[in-house]
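J.: below are the sequence and a predicted model; questions follow.
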Amino acid sequence: MDKQHYDEIYHRRLHKNLLENKQYYLFRADYAAETYLKYLKGRIFELGCGLGQNIYKIRERAMGIDISGFAVKECKKRGINAVDNINKLNGKYDGCLSVHVFEHLENPSSYLEKIND
């Protein structure tokens with residue numbers, strides 16, 4: 001099974017509500033705005049953005065990064081700028097958001113160094 005097909009199956013199983021239920025997606029976007037985004041000003045990028053619900057409310061000043069090509073495509077459908085590799089992130093950002101991501105990384109310190117550049 002190719003990676004793109006796996007990504008789609010994974011997201012459709014694990015995040016079915018986010019993909020199929022607009023009210024739930026917006027509920028999660030509101031939750032993120034009330035919980036995380038109130039602390040972040042200026043241009044923001046989210047490392048491990050998934051389907052983009054955390055940055056949806058600030059999509060005009062945000063960039064998402066996720067290794068899943070399927071997730072990046074879904075973000076773009078929702079008007080969220082997203083890329084599939086941290087090396088594709090360009091420009092300066094004022095802050096970073098990352099929720100439930102670092103525990104999945106093989107070498108989290110290398111991402112922190114790259115973010116700090």
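T.: Arrived safely, thanks for sending.
J.: out of the helices and strands in the protein, which is least certain?
T.: In the chain, no helix or strand scores lower on mean pLDDT, DSSP states H and E than helix 108-116, which sits at a mean of 77.
J.: all helices of the protein, in order?
T.: Per DSSP state H, the chain carries helices over the ranges 3-14, 16-20, 22-35, 69-77, 108-116.
J.: for those, which one sits closest to residue 94?
T.: When the helices of the chain are compared by CB to CB, helix 108-116 sits nearest residue 94, at 12.2 Å. (C-beta placed from N, C-alpha, C; glycine too.)
J.: what packs against the closest one?
T.: Packing partners of helix 108-116 (3 or more CB pairs under 8 Å, 6 or more residues apart in numbering; DSSP states H and E): none among the helices and strands.
J.: can you list the weak-confidence ranges in the protein?
T.: 1-6, 116-117 (pLDDT under 70).
J.: any idea which residue is closest to the centre of it?
T.: residue 49 (1.0 Å; CA atoms, centre = their mean).
J.: got the phi and psi for that residue?
T.: Here is the backbone geometry of residue 49 (degrees, to the nearest 10): phi -70, psi -20.
J.: that one touches residue 74, doesn't it?
T.: No. The pair residue 49 / residue 74 is not scored as a contact, 10.0 Å apart, by CB atoms under 8 Å.
J.: so who does the closest residue to residue 98 other than its chain neighbours touch?
T.: Excluding its sequence neighbours, the residue lying closest to residue 98 (CB to CB, 6 or more residues apart in numbering) is residue 47, at 4.2 Å. Applying CB atoms under 8 Å, 6 or more residues apart in numbering to residue 47 gives the contacts 65, 86, 96-98, 101, 111, 115.
J.: now, of those, which are buried?
T.: Listed as buried from those are 65, 96-98, 101, 111; burial here means 16 or more other CB atoms under 10 Å.
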